[in-house]
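Colleague: Mind looking at a prediction? Sequence and model below.
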Amino acid sequence: MSDGPRRPRRRRTWPQRLLISLNVVVVLICFSSAAGLAYAFRQASDVQRFGGLSSTLDDTVAKGEPQNYLLVGVDNSEGLDNKDPVLIGRSRTSLLSDTIMILRVDPSTQQASILSLPRDLWVDIADTGGKQRINTALPGGGPERLIKTIQQDFGIPINHYVQVNFHGFQSLVDAVGGVPIYFPWPARDADSTEANNTHTGFEVDTPGCVTLDGTEALAYARSRHFQTKTGNGGKTWVTDSSSDLGRIARQQQFIKLALKRAIAKGVRNPFVLNQLIGVAQGNVILDDNVTTKDLLDLGSQFKNFDPDSLKVYTPPSTGKVTSGGADVLVLDNAAAQPIFDLFRAKGDTDNPLRAIQVDVTNGSGRTSQAQVVLKAFDDLGFTTVGSSDASSFRNSKTTVRYAPGAEAAAVEVARYLDGSPQFTVDKTLSGNSVLLVTGKDFTQLRTEARPASDFAGFMATTTTTNSTSPTSTEVPTTQAGMVPEPPDGEVCG
């Protein structure tokens, strides 16, 4: 996680320390310029490869276009010391996807974004016909099944695959001399000697700037039972109730801090470069579609990347529920779509229709009608949520159901319909959500919108004040849980 040799007065930053991945955090293969380039090329060529992913990965993106890297930190403890607390209650050869992230890089804008997928997200697992937590896809069917699951469930293309294990994570942190984090309060994750091994043993007794070594960083980044001594005037421990979501927020923070540390420790330091590439050779696995030259080119394009500009996202969920005897997170599908769109190959995120979430229900009985119409809405630029069949196929009229106050969104949908659809307010919907229920009178969506004045009569009958045309807004980044931050003016590391 550092720079290597550089030209005088020219600072090399981020994907010259490519790639990011983690059990949780950044796996950085440090590629340098000038004299170090040939060395880095030879060494990085020896990084392990996954073969056979070509038919699963999306290969339709041209060089220089935005690409998505699936970053997987695996719950595999090979290479760890026998006394490491991670080994308590587990096999060295277990292979669960402990952390799942999608890194999107756009060379044209030098923007990088990370989408963290909670390991307990309840999804349809590809090739199984059933639902399970997303972290079961990898051990059940390898990288292929995990890639397919993400592409099918979220519509996000995956162009490349990167995997790192616990030992690799620890070694990368140690190679840059640890990662400094400011803890404004004592923090811990309870004793790791419990039989179920759900605690990591992380502990910071004294507030202040603490440099975490590889073992400590792994315990911090994996913590799902994070506690801070902030209750009762700093006398009692308070547990982060957000669990996985809080862990993700701390991991995302750790990525930025680790990148900054890599820059600070690695610039002009060929020894650190050698260490990091050596770690990558033994603990990082890439798909065989990405070449070393691809990484070098990307590193050159991102030579001035600022870690603070890294955008991080977590899809909203409804919170922990029990399904099949397990605690799981259920995706808030409609709210997640604007985030997913940022990682899709749409190229039109400024389209104001993107602010409208559309579901389609087949009420006519025509085969696959809901799926076909939903795809047509997606092509027009709407945020598409899901398709289904109605309980009855006797609908004679097509109906536009809309959330209270979302009359403008309903009209935008109706402008792509022929005829005179019915409008019905639906209190089960919220925001700019619209549900189109097709009827016997439905044919297909128009490719050009009708004049909004065609629906002036409907708009005149509404009394809400929220009847302006939707406009695109910046999708907010997400953060939850307890994340240690330094006070204003305090510098750590």
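Modeller: Everything's here; your move. Numbers count the residues shown, from 1 in each chain.

Colleague: Output the longest strand belonging to the chain.
Modeller: Criterion DSSP state E: the longest strand present in the chain is strand 97-106.

Colleague: A helix includes Leu257, no?
Modeller: Yes - assessed by DSSP: H, G, I helix; E, B strand; the rest coil, Leu257 belongs to a helix.

Colleague: just checking, it touches Ile181?
Modeller: Yes - Leu257 lies in contact with Ile181 (CB atoms under 8 Å); the separation is 6.2 Å. Yep, even glycine has a C-beta here, placed from its N, CA and C like the rest.

Colleague: Who has more neighbours out of these two?
Modeller: Using other CB atoms under 10 Å, the more surrounded residue of Leu257 and Ile181 is Ile181, with 25 against 20.

Colleague: tell me which element Ala460 is part of?
Modeller: Applying DSSP states H and E as the criterion places Ala460 in helix 456-461.

Colleague: Check which helix or strand the residue nearest the centre of the chain maps to.
Modeller: For the chain, the residue whose C-alpha lies nearest the mean C-alpha position (CA atoms, centre = their mean) is Leu115; its distance is 1.7 Å. Using DSSP H and E, Leu115 sits within strand 111-117.

Colleague: List the neighbours of that strand that are in contact with it.
Modeller: Residues from elsewhere that reach strand 111-117, judged by CB atoms under 8 Å, 6 or more residues apart in numbering: 14, 20, 71, 99-106, 134, 150, 156, 248, 251-252, 255, 302, 305, 309-315, 339-340, 342-343.

Colleague: Just the buried residues of these.
Modeller: Buried members of the contacts of strand 111-117, counted by 16 or more other CB atoms under 10 Å: 14, 20, 71, 99-105, 134, 150, 156, 248, 251-252, 255, 302, 305, 310, 312-315, 339-340, 342-343.

Colleague: can you map out the helices along the stretch 301-450 of the chain?
Modeller: Under the criterion DSSP state H, counting those that start in this stretch, the stretch 301-450 of the chain contains helices at 333-342, 369-380, 407-414.

Colleague: average pLDDT for stretch 132-146?
Modeller: Averaging pLDDT along stretch 132-146 yields 92.

Colleague: Just checking the distance from that stretch to the centre of its chain.
Modeller: 16 Å (CA atoms, centre = their mean, to the nearest Å).

Colleague: Could you do stretch 112-132 as well?
Modeller: Distance, stretch centre to chain centre, for stretch 112-132: 10 Å (CA atoms, centre = their mean).

Colleague: gap between the two ends of stretch 375-394?
Modeller: This stretch, stretch 375-394, spans 23 Å end to end (CA to CA, to the nearest Å).

Colleague: buried ones in that stretch?
Modeller: Applying a neighbour-count criterion of 16+ other CB under 10 Å, the buried positions in stretch 375-394 are Ala376, Phe377, Asp378, Leu380, Gly381, Phe382, Thr383, Thr384, Val385, Gly386, Ser387, Ala390.

Colleague: Give the single residue among these positioned nearest to Pro451.
Modeller: Nearest to Pro451 among the buried residues of stretch 375-394, counting by CB to CB, is Leu380 at 16.4 Å.

Colleague: which residue packs closest to Phe50, ignoring adjacent ones?
Modeller: The shortest distance from Phe50 to any non-neighbouring residue, by CB to CB, 6 or more residues apart in numbering, is to Asp287 (5.0 Å).

Colleague: need the contact list for the one you found.
Modeller: Neighbour list for Asp287: Arg49, Phe50, Leu53, Leu57, Pro143, His160, Tyr161, Val162 [criterion: CB under 8 Å, 6+ apart].

Colleague: For Ala187, list the residues it contacts.
Modeller: Per CB under 8 Å, 6+ apart, neighbours of Ala187: Phe202, Glu203, Val204, Phe226, Gln227, Thr228, Lys229, Met482, Pro484.

Colleague: Mark which of the residues you listed are buried, thanks.
Modeller: If you count burial by 16+ other CB under 10 Å, the buried members of the contacts of Ala187 come out as Phe202, Val204, Phe226, Gln227, Thr228, Lys229, Met482, Pro484.
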